[in-house]
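> What shape does this take:
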Amino acid sequence: MIKGLAVTAAAALLAACSATSGTPPVPTNTATVSAHQPKSSTVDEDAINLWQLDGNSAPQMTYTAALDALVPLCTQTRSDIAALANSGYQDLVANHVTDETRLTVLMHMRESIPSGRQDCQGILAAYLVLRESPS
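Numbering: from 1, shown residues only. Here you go, the predicted structure:
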């Protein structure tokens, strides 16, 4: 019963995300630096790590931009958000969902946040339920 409610809630929360086609856009404006974003002189180890784990499949700056977009919206730290993207990707692969990268996991997390600061672990969990459910 609870699992059914969780799936229903996840489906309602992410209906817009799963209804879209293609890859969601990645924010490209990295010129604005806030308290949540690394300064330009800081090496973005979280983004570089995800980029390397994905086999350098997209420009490294897109990983930075995707993390930058999530930091003000998630209750987790930047490093925790990167770890969520990695563990979410690994979970998808373990469940035979192979059309994602760590970057697309970050982008789908961002696209799934309705408004305000959210627990992005919960957002990711709902997304994983939808992706891993039989069609």
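> hang on, isn't residue 76 packed against residue 121?
Yes. Taking CB atoms under 8 Å as the definition, residue 76 is a contact partner of residue 121 at 6.8 Å. All C-beta spots, glycine's among them, are computed from the backbone N, C-alpha and C.
> Are there residues contacting both of the two? Which ones?
By CB atoms under 8 Å, 6 or more residues apart in numbering, residue 76 and residue 121 have these common neighbours: residue 84.
> next SSE after the lengthiest helix in the chain?
Scanning the chain for the longest helix, with DSSP state H as the assignment, gives helix 78-94. Next helix or strand after helix 78-94 toward the C-terminus (DSSP states H and E): helix 102-112.
> where do the helices sit along the chain?
Using DSSP H, the helices found in the chain span residues 2-13, 15-19, 45-53, 60-70, 78-94, 102-112, 120-132.
> Any chance of JSON lines for those, columns mean neighbour count?
Putting these into JSON lines (neighbours: other CB atoms under 10 Å) gives the following:
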{"stretch": "helix 2-13", "mean neighbour count": "12"}
{"stretch": "helix 15-19", "mean neighbour count": "13"}
{"stretch": "helix 45-53", "mean neighbour count": "18"}
{"stretch": "helix 60-70", "mean neighbour count": "22"}
{"stretch": "helix 78-94", "mean neighbour count": "18"}
{"stretch": "helix 102-112", "mean neighbour count": "24"}
{"stretch": "helix 120-132", "mean neighbour count": "19"}
